[in-house]
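>>> All I have is the shape, not the residue letters:
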C-alpha cells in the first residue's frame, strides 16, 4: 500500500517523466510428454497454455508430436495452466508456477478414456504461488514509476512470510523514488521554514531530509514489517474491485482500521494502530524540542493518519489499478 497521501503528490510531481524499467524476461519454457493409460505416447493431443500474465499474451496452443512431446518457449514467469485434450480421452489439467528463465519439465500427462471422467491436477504449493505473486508486487508502480508494492490484486492471495514483509518494506525504503520524494518534501519544509530550529542552508535541509526519511523508515518498518510479523497480520491492501461502488467505498474505508490476518481472517489492524503511536514516540528523539508532539497531539495525529489511510485506500480501490501497468490479469471482469 502507498505509505502516505504523498503518493498522490508524487504523481503530480513526477508527471509523465517515467524512467525506463527493465522488461519482463521471456526466456522461460514449458515442455512435456502426453501418453495414454498404458504409457504409449499420444500423438496429436491438443495442449492449450494459459498464463496469469499481463495482457497480452493470449492463450497459446500446441499439438503433441509423434513422440507425444510438446513445448512452449519464450514465456514470461508466473502461474500457468495446461489443458490437454484428445478425441476419445478425458481432458486433463496441469497447473504450476514458472520462474524466470526456467525450463519447466511438466510431469507426464496420462490420458484416460472418456468414460473415466477423470482430471489430473498437479498444483504448485501455496508457498510457490505466494512467492510468484510476491515478485509481481515488487514490480507494481503507478504510472510505471511510483512504488505501489503494498497492494494485492490477486483474489485469495496467500499470506506473506515475515521475510517477505521485511523485504517489501526494505525495497520500498531504498527505492529511488522514495529517496527523491523525501528530498522534495524536505525542500517544501525548508521553503516554509517548518521546524525552524533546524535552520536554513545545506545543514538545515540535511536535517529536514534526515527527519523525513527517519519518519518513513519508522512508519514503514514498524507498521509494515515488524508488527505485522509479530501480530501475524498482512500489511497489504487487498483490492476488492467487485460489487457496487457503495460497497467498494465502504470496504476501502474499513480497511483503514481492519486488516487480513495471516490466518485469512479479517481483524482489527493492531499493527497500524500501534505503529502510529510508536513512530510518533520515536520522532520525539530527533525533532526540535519546540515541535515535539505531546500525548494529546499523538492521538490527534493517529486520527489524522487513519483518515489519510482511508483516502489512500479509496485511491487504491478506484484509481491506482488503472494507472499501474503490467499487472497480472487475475480477473478480467474487474474494472
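That came through fine. This one's a predicted model, so the numbers in the text were calculated from it and none came from an experiment. Numbering: from 1, shown residues only.

>>> Can you list the residue ranges for helices in this structure?
With DSSP state H, the ranges of helices along the chain come out as 6-14, 126-137, 162-173, 176-192, 201-221, 227-231, 245-254, 270-283, 295-315.

>>> Of these, give the one that comes closest to residue 34.
Of all the helices of the chain, helix 126-137 sits nearest to residue 34, with 23.8 Å by Cβ to Cβ. Placement of C-beta: from N, CA and C, glycine included.

>>> and residue 222, what does it touch?
Applying Cβ atoms under 8 Å, 6 or more residues apart in numbering to residue 222 gives the contacts 274-275, 278-279.

>>> what about it, distance to residue 286?
15 Å (Cβ to Cβ, to the nearest Å).

>>> what residue is smack in the middle of this protein?
For the chain, the residue sitting closest to the mean C-alpha position, by Cα atoms, centre = their mean, is residue 137 at 2.7 Å.

>>> Name all residues that make contact with it.
Contacts of residue 137 were listed using Cβ under 8 Å, 6+ apart, and they are 149-152, 168, 236.

>>> Columns neighbour count, distance to residue 97 and pLDDT on top of the contacts of residue 222, output as TSV?
Listed next are the contacts of residue 222 as TSV, based on neighbours: other Cβ atoms under 10 Å; distance: Cβ to Cβ, whole Å; pLDDT from 0 to 100:
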residue	neighbour count	distance to residue 97	pLDDT
274	16	35	88
275	25	32	86
278	16	36	83
279	22	36	79
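
>>> Tell me what residue 28 is bridged to.
Under DSSP bridges, the beta-bridge partners of residue 28 are residue 75.

>>> right, and it touches residue 97 too?
No - Residue 28 is beyond contact range of residue 97, at 10.5 Å (criterion: Cβ atoms under 8 Å).

>>> Now flag whichever of the contacts of residue 137 is closest to residue 111.
Looking across the contacts of residue 137 and measuring by Cβ to Cβ, the closest to residue 111 is residue 152, at 36.6 Å.

>>> Which pLDDT value belongs to that closest one?
On the pLDDT scale, residue 152 is placed at 89.

>>> With residue 236 instead?
In this model, residue 236 carries a pLDDT of 93.

>>> To what extent is it buried, counted in neighbours?
Neighbour count for residue 236, taken as other Cβ atoms under 10 Å: 23.

>>> Surely residue 266 and residue 257 touch.
No - using Cβ under 8 Å, residue 266 is not in contact with residue 257, being 10.7 Å away.

>>> mind listing what residue 110 touches?
Residues near residue 110 by Cβ under 8 Å, 6+ apart: 35-37, 39, 92, 120.

>>> thinking again about what came up before, what residues are shared contacts of residue 28 and residue 97?
Common contacts of residue 28 and residue 97 (Cβ under 8 Å, 6+ apart): residue 77.

>>> Point out where the chain drops to low pLDDT.
Scanning the chain for pLDDT under 70 picks out 1-25, 53-57, 114-130, 293-305, 328-335.

>>> which residue sits farthest out from the middle of it?
Distance from the C-alpha centroid of the chain peaks at residue 38, with 44.3 Å (Cα atoms, centre = their mean).

>>> which residue sits closest to residue 229, ignoring its sequence neighbours?
Ranked by Cβ to Cβ, 6 or more residues apart in numbering and with sequence neighbours excluded, the top spatial neighbour of residue 229 is residue 162, at 4.0 Å.

>>> Tell me, how many residues neighbour the one you found?
The burial count for residue 162: 14, using other Cβ under 10 Å.

>>> what's the spacing between residue 43 and residue 59?
In terms of Cβ to Cβ, residue 43 sits 22 Å off from residue 59.

>>> Which one's more surrounded, these two?
Between residue 43 and residue 59, residue 43 has the larger neighbour count (other Cβ under 10 Å), namely 14 against 10.

>>> just checking, the more buried one touches residue 70?
No - using Cβ under 8 Å as the test, residue 43 is too far from residue 70 to be in contact (10.5 Å).

>>> Spit out the residues that contact those two alike.
Counting by Cβ under 8 Å, 6+ apart, the common neighbours of residue 43 and residue 70 are residue 64.

>>> in stretch 80-99, what counts as buried?
Across stretch 80-99, burial judged by 16 or more other Cβ atoms under 10 Å covers 80-84, 86, 89-94, 96-98.
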